[in-house]
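Enquirer: pasting the sequence and the predicted coordinates here, then a few questions.
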Protein chains: 2
Amino acid sequence: MAPRWKAKGLESKALADPMSKIVLELQASLIRFEARALLSGCSALLALEAEQTNLLNRACFGRLIVTAEKDKHWFHLGMEEAFYLCHSLKCLKIIGEDNCPMNDEELWRDMKSKKGTFPEFYKAYSHLRKRNWVVRPGSQYGVDFVAYRHHPSLIHSEYAVLVLSEGDDDANGRLRVWSDFHCTIRLCGSVAKTLLVLNINKNGQGTVSLSCLEHYDVGERTIMRWNPEHCQEDQTIGENGIK
Amino acid sequence: MAPRWKAKGLESKALADPMSKIVLELQASLIRFEARALLSGCSALLALEAEQTNLLNRACFGRLIVTAEKDKHWFHLGMEEAFYLCHSLKCLKIIGEDNCPMNDEELWRDMKSKKGTFPEFYKAYSHLRKRNWVVRPGSQYGVDFVAYRHHPSLIHSEYAVLVLSEGDDDANGRLRVWSDFHCTIRLCGSVAKTLLVLNINKNGQGTVSLSCLEHYDVGERTIMRWNPEHCQEDQTIGENGIK
């Protein structure tokens, strides 16, 4: 399926302003700002000034919380987003609920304890983000994430992403049966998305330590509708007298 | 995945000699010849002269049986092939094991009794054949069929086809779990095929009579590998300093 830009000219706008560059700018700016987020349940809260707010919006991390404060903008980061900024981009410090900064291992254990699927979900999230895909929550489509080629203001999301864990250690046994995919594809189809299934293979590494992560493999599969007439010989299809 | 022609120039050869035309010629020739096949277990045996032999080979139905006979060529037709020539193309009569000609309903009941999945398999087979795909047995790839855009001497097969039945009446419960697809895709991937899953929805019609067939729907889905770098912004992928 071809990318669906929201208007003419937006493709060249996106090309001139690649996501990789925006994320690098965000990274540098958050490091300069010494950004800190407060861990709060299953999310992290982050207060930023105008420059970082603008970059976080352009890079499409988190969700702006509307407050009455003028100079300070509050962001709500999901677990995978917070951990990515912290562990992968190394541009965010996370302050624990006891008001102490947390290191990556502590954060990994905390997030894992709050969300059993965090190791697989984070692997999937970071796998796509590192390759310059914009990754957003997918719950409104009944999937785990949605992935965009650039900022969602420019382009419709291309992929509805499901995260599965290979083997018997599947954290929750979700959606492993074909009929479930079938329903999800229908839902995706109605909003012109392709279903992307990411299989996380832990290679027997488990989730005890953060260092397990680098041993995980990601297998990628797309599932999409197929039109049997699509690639056929000529215009006489269906007119050959066969009933 | 682009079609893989076996040599240069074969694509234009195929375009000049479309499969729909070959099948029409075969149909006319078998009708003139008053072709009859003998039902024998799960297949039908057919003796033909040179003209029909040539057309059956070009249209890629059945398998030639090597015999010492010079003027007569014996073909072995699979159940779906025999029923398609008989019921869809109306160019073949089937002689039962009691030496009497069988009508379509009798043949339907006989094939169904010998192979529980025959109704779904036939729907899938005819669905593709009617749209000019060449459909061959897929057992060597661990699937139900393989589908070619033209004759297998010109082009590699493009699709490894799995036939599934929607709902709880799945005849055999095969391959409904994602991990099974996963293995099949690996196998297909190694021979550059895309997995095509055909979901046969009987719409509550069952399989009692041949007339049920026209109420079946076919849902088509492809499953293929996806490369996250494939459609990315530029050549800087992976070089943006993110680890």
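Expert: Okay, I see it.
Enquirer: bridging residues for the closest residue in space to residue A:120 that isn't next to it in sequence?
Expert: Distances taken as Cβ to Cβ, 6 or more residues apart in numbering or on different chains put residue A:200 closest to residue A:120, at 4.3 Å, once the chain neighbours are dropped. C-beta here means a position set from N, CA and C on the backbone, and glycine is covered the same way. According to DSSP bridges, the partner residues bridging residue A:200 are residue A:165, residue A:218.
Enquirer: is it true that residue A:200 touches residue A:163?
Expert: Yes - taking contacts as Cβ atoms under 8 Å, residue A:200 lies within contact range of residue A:163: 6.5 Å.
Enquirer: helices of chain A, start to end?
Expert: A:10-16, A:19-33, A:50-59, A:79-83, A:104-114, A:118-129, A:178-190 (DSSP state H).
Enquirer: how near is the nearest residue to residue A:71 once chain neighbours are set aside to residue A:61?
Expert: Distances taken as Cβ to Cβ, 6+ apart put residue A:49 closest to residue A:71, at 6.6 Å, once the chain neighbours are dropped. The gap separating residue A:49 from residue A:61 is 16 Å, by Cβ to Cβ, to the nearest Å.
Enquirer: can you tell me what sits against stretch A:196-205?
Expert: The contact list for stretch A:196-205, computed with Cβ atoms under 8 Å, 6 or more residues apart in numbering or on different chains, reads A:119-120, A:123-124, A:127-128, A:147, A:159-167, A:169, A:181, A:212, A:215-223, B:178, B:182, B:226.
Enquirer: stretch A:74-86 now?
Expert: By Cβ under 8 Å, 6+ apart, stretch A:74-86 touches A:30, A:35, A:37, A:39, A:42-48, A:53, A:56, A:61-65, A:67, A:91-94, A:104, A:107-108, A:111, A:114-115, A:118, A:121-122, A:125-126, A:129, A:135, A:137.
Enquirer: run through chain A and note the low-pLDDT ranges.
Expert: Residues of chain A meeting the criterion pLDDT under 70: A:1, A:167-177, A:179, A:183, A:189-192, A:230-243.
Enquirer: pick out the residue nearest the middle of it.
Expert: What sits nearest the mean C-alpha location of chain A, by Cα atoms, centre = their mean, is residue A:135, with 2.7 Å.
Enquirer: wait, isn't that residue in contact with residue A:147?
Expert: Yes - under the criterion of Cβ under 8 Å, residue A:135 makes contact with residue A:147 at 5.5 Å.
Enquirer: identify the contacts common to those two.
Expert: Joint contacts of residue A:135 and residue A:147 (Cβ under 8 Å, 6+ apart) are A:128, A:161.
Enquirer: related to what we said a few turns ago, give me the subset of the contacts of stretch A:74-86 touching chain B.
Expert: When contact is defined as Cβ under 8 Å from any Cβ of the partner chain, the contacts of stretch A:74-86 meet chain B at residue A:129.
Enquirer: my guess is residue A:153 contacts residue A:5, does it?
Expert: No - between residue A:153 and residue A:5 there is no contact under Cβ under 8 Å: 10.7 Å.
Enquirer: neighbour-wise, which of the two wins?
Expert: When neighbours are counted by other Cβ atoms under 10 Å in any protein chain shown, residue A:153 and residue A:5 differ, and residue A:5 comes out ahead with 17 against 12.
Enquirer: hang on, the earlier thing: from residue A:198, how far out is the residue nearest to the centre of chain A?
Expert: Distance from residue A:135 to residue A:198, by Cβ to Cβ: 11 Å.
Enquirer: and for residue A:117?
Expert: 12 Å.
Enquirer: residue A:92 too?
Expert: Counting by Cβ to Cβ - residue A:92 and residue A:198 are separated by 24 Å.
Enquirer: what of residue A:208?
Expert: In terms of Cβ to Cβ, residue A:208 sits 22 Å off from residue A:198.
Enquirer: the two: which is more packed in?
Expert: Just comparing residue A:208 and residue A:198: by other Cβ under 10 Å the higher neighbour count belongs to residue A:198, 26 against 11.
Enquirer: give the contact list for the closest residue to the more buried one other than its chain neighbours.
Expert: Spatial nearest neighbour of residue A:198, excluding adjacent residues (Cβ to Cβ, 6+ apart): residue A:124 at 4.5 Å. Neighbour list for residue A:124: A:144, A:145, A:161, A:163, A:198, A:200, A:218 [criterion: Cβ under 8 Å, 6+ apart].
Enquirer: do I have it right that residue A:132 meets residue A:22?
Expert: No - the criterion here is Cβ under 8 Å, and residue A:132 misses it with residue A:22 at 9.5 Å.
Enquirer: and these two? Which one has more around it.
Expert: Between residue A:132 and residue A:22, counted using other Cβ under 10 Å, the more crowded position is residue A:132 (24 against 20).
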